[in-house]
Structure formats: C-alpha cells, structure tokens
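Trainee: can't give you the sequence, but here's the structure:
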C-alpha cells in the first residue's frame, strides 16, 4: 500500500510537471506567434517599412530638398530686400526732384514779383473815357435809333443764363444725391438680405452638422451592434466547430469502432487496391480527362465559330459602310454636276437676257431687206 501510494503521488507530480511544461510550451509558442505577427505587421506596413530602400540616399535627398528650399527662401528674402532698397532710392530721388522743382518755382515766382515791383513796370492809370451822356449831338457819341440798353440787356441775359446754369447744376447735384441715396438704400437692402441669408445658411449648416453627428452616432451604434453580432456569430461558429470536431473525434460510428459498426474489418489496416481496381481507377481518370478535353475542344470550337461569325459580321458591316460611302460620294458628284449644269443654264439665260435688253443687229435683220412685211 505504501508503495502504491508513493507511486500515485509520484505519478501526480509527474503529471503536474508535464501539465506545467505543456503550459510553458503553449505560452512560449503563443509569444512566438505574437512576435511573428508583430514582425509581419511591422514589415508589411507600407508607411514604415524600409525593405529594399536606400535610407541614406533618401535622407540625403530630403536634406538636399530642404537646403534647396532654404536657399530659395533666402534668395526670395534677398530679392525682396533689393526691391525695398531700390524703392527707397527711387522715392528719395522723386522727393529730391520735387524739392528742386518747388525751389525753382519759388525762385521764379520771387523773380517775377521783383520785376512787377520795379518802377518801370508800373504803368500809369488810364483816365476815364468820354461819357456819352455829357456830350452833345455834335460829338456823335449818340445816334437816334441806337440800342442804348444793349449792355444792360446783355448783362441781364448773362445773369439769367448763369442762374439757369446754376439751377441745372443744383438739380443735377440733387439728382446725383438722390441716386446715391437710392444706391445706398439698395446696398443696405442687399447687405441685410445677405446677412439674413448668411444667418439662414449658418443655421442650415448647424442643422446639417447636428444631423451628420446624429447619423454618425447612429452609424457607430449600428456598427457596434453589427460587430457584436459578428463576434457572437464567430464565437457560436467556433463553439459549433469545436463541438463538431469533438463529435467527429469521439463518435464511435464515425471512428468506425468495431462494437458500434459490427464490421470485423478494421479500416486503418487498409493495404491498398488490387490490380483490377487500380486499372478501373486509371480508366475512370482517363475518361474524366477525355471528357474534359472534349469539353475544352468544344468550347474552343465554339469560340472559333463565334470569332468567325463576328469576323464575317464585321466584314459585312465594313462592306455595307463602304457601299454606303460610295453611294453618298456618287450622290454628291451627281448633285455637283446638277448644280454646275444649272449654273451654266442660268449663265446662258442671263447672257441671252442681257443681249435681248440691249438689242443687236444680226444676219436675220439684213436678210429681211427687200421682203414684204405682209
């Protein structure tokens, strides 16, 4: 009994060690699988993998592009600085030229004022002219029938014309002011309409955004439900597959157990077919191959016949198209000949009409001499 108990304990210990070793092996295999999966994911990622690429060359190209961009940016900055410097120089030159022109104008103005102030350039005042009202008739300053109110009338006409012009200008200014106010009112109306439209569009955009967010949330919920349903279906399929596998492995009938089937023949002791059975299998395989070849031959012949029919059809269509183009060409030629003939007829008719309109003396006219008109 002690020996049996010791053997039982040792057996249990060995079984436990084997189970632990199997668990460690399973864990080690699982870790290896995870590392292999991570490595495949890392190597097959087109965004991060570097297989078949020259990293140093790519880095040098990137660095060269960066230096080129930096050089181009520096050249743009230098060019902008040069343009600013040129603008400042031009502006300074313009200011200097304007200052010189003002100085010359001031000096010329001062010179003219000095010349005006010179005594020789101050002419004496002209005395008042002769007053016609103070003269008698012998001075011949006034005549009977003379329009003495001409100057006053001209002044009045000039004043009236000036008043009319001023009134028209005022009306024009008032009309322009009214048009400007109307434009301002229309612009304010358009601005208010645009603001209303913008607010409505913003409201519609917010509504569309809320609707899109709601649809997104609903889609995410549906996606989660579908993912959960797929997960449950997958788990159920896996469970059913395990049950089916377990059933196949443990079913006495499927395992062809002798007590279950009653057949003394053990299927695992099958030694192969005899010669006749092997020849029969070969013959069946040859028949299958012959049938496949016949089907392939028939399909090839069908394709060839279809190709021939398509070729014949294309030839017929090309022939019909050629005949149609030839008929159209002949019809065009006939139409052209008809037009030329009509043109010649019209030309002759115009020439005859021209001759008839002017008249002519021909042999018929001279042949009628000496004949009676009766």
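Mentor: Yes, it's here. Since this is a predicted model, take the numbers as computed values, not measurements. Numbers count the residues shown, from 1 in each chain.
Trainee: What does the pLDDT read for residue 141?
Mentor: pLDDT for residue 141: 73.
Trainee: what's the nearest residue to it if we skip its chain neighbours?
Mentor: Nearest residue to residue 141, sequence neighbours excluded (CB to CB, 6 or more residues apart in numbering): residue 132, at 3.9 Å. In this view, the C-beta of every residue, glycine as well, is placed from N, C-alpha and C.
Trainee: gap between the one you found and residue 154?
Mentor: Counting by CB to CB, to the nearest Å, the gap from residue 132 to residue 154 is 17 Å.
Trainee: do residue 183 as well
Mentor: 42 Å.
Trainee: again with residue 314
Mentor: Applying CB to CB to residue 314 and residue 154 gives a distance of 101 Å.
Trainee: do the same with residue 176
Mentor: Separation of residue 176 from residue 154 (CB to CB): 32 Å.
Trainee: And for residue 146?
Mentor: Residue 146 is 15 Å from residue 154, by CB to CB.
Trainee: repeat for residue 125
Mentor: Relative to residue 154, and taking CB to CB, residue 125 is found at 27 Å.
Trainee: Neighbour count: these two, which is higher?
Mentor: residue 154 (10 against 6; other CB atoms under 10 Å).
Trainee: does that one sit in a helix or strand, and which one?
Mentor: According to DSSP states H and E, residue 154 maps onto helix 150-250.
Trainee: Tell me how far that helix lies from the chain's centre.
Mentor: Centroid separation between helix 150-250 and its chain, computed with CA atoms, centre = their mean, to the nearest Å, is 22 Å.
Trainee: what does stretch 275-293 give?
Mentor: Using CA atoms, centre = their mean, the offset of stretch 275-293 from its chain centre is 64 Å.
Trainee: Could you count how many residues lie near residue 141?
Mentor: 14.
Trainee: check contacts around it.
Mentor: Contacts for residue 141 (CB atoms under 8 Å, 6 or more residues apart in numbering) come out as 130, 132, 135.
Trainee: Distance to residue 167 added to the residues you listed, as a markdown table?
Mentor: Listed next are the contacts of residue 141 as a markdown table, based on distance: CB to CB, whole Å:
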| residue | distance to residue 167 |
| --- | --- |
| 130 | 40 |
| 132 | 36 |
| 135 | 41 |
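Trainee: which one of those sits closest to residue 291?
Mentor: Closest approach to residue 291 among the contacts of residue 141 (CB to CB): residue 132, at 145.0 Å.
Trainee: close enough to count as contact, the closest one and residue 140?
Mentor: No: using CB atoms under 8 Å, residue 132 is not in contact with residue 140, being 9.8 Å away.
Trainee: okay, the two: which has more neighbours?
Mentor: Set residue 132 next to residue 140 and count neighbours by other CB under 10 Å: residue 132 wins out with 12 against 9.
Trainee: Let me see the contact set for that one.
Mentor: 139, 141-142.
Trainee: Reformat these as JSON lines; add distance to residue 56 and secondary structure.
Mentor: Formatted as JSON lines, the contacts of residue 132 follow (distance: CB to CB, whole Å; DSSP: H, G, I helix; E, B strand; the rest coil):
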{"residue": "139", "distance to residue 56": "121", "secondary structure": "helix"}
{"residue": "141", "distance to residue 56": "117", "secondary structure": "coil"}
{"residue": "142", "distance to residue 56": "118", "secondary structure": "coil"}
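Trainee: now these as JSON lines including distance to residue 95?
Mentor: Below are the contacts of residue 132 laid out as JSON lines (distance: CB to CB, whole Å):
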{"residue": "139", "distance to residue 95": "66"}
{"residue": "141", "distance to residue 95": "63"}
{"residue": "142", "distance to residue 95": "65"}
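Trainee: In this structure, what residue spans correspond to helices?
Mentor: For the chain, helices defined by DSSP state H occupy the ranges 2-44, 55-117, 150-250, 258-261, 275-358, 363-367.
Trainee: weakest of those helices in terms of mean pLDDT?
Mentor: helix 258-261 (a mean of 55).
Trainee: how about the nearest residue to residue 130, chain neighbours excluded?
Mentor: Nearest one to residue 130, counting by CB to CB, 6+ apart, is residue 141 at 6.8 Å.
Trainee: For the residue nearest to the spatial centre of the chain, give me its contacts.
Mentor: Nearest to the geometric centre of the chain sits residue 205, at 23.8 Å (CA atoms, centre = their mean). If a contact means CB under 8 Å, 6+ apart, then residue 205 has no contacts.
Trainee: I'd like the numbering to begin with 21 instead of 1 from here.
Mentor: Got it, first residue is 21 now, which makes that one residue 225.
Trainee: and the gap between it and residue 144?
Mentor: Counting by CB to CB - residue 225 and residue 144 are separated by 88 Å.
Trainee: do residue 51 as well
Mentor: Per CB to CB, residue 51 is found 128 Å from residue 144.
Trainee: Of the two, which one has the most company?
Mentor: residue 51 (10 against 5).
Trainee: Quick check: the gap between the more buried one and residue 323.
Mentor: 56 Å.
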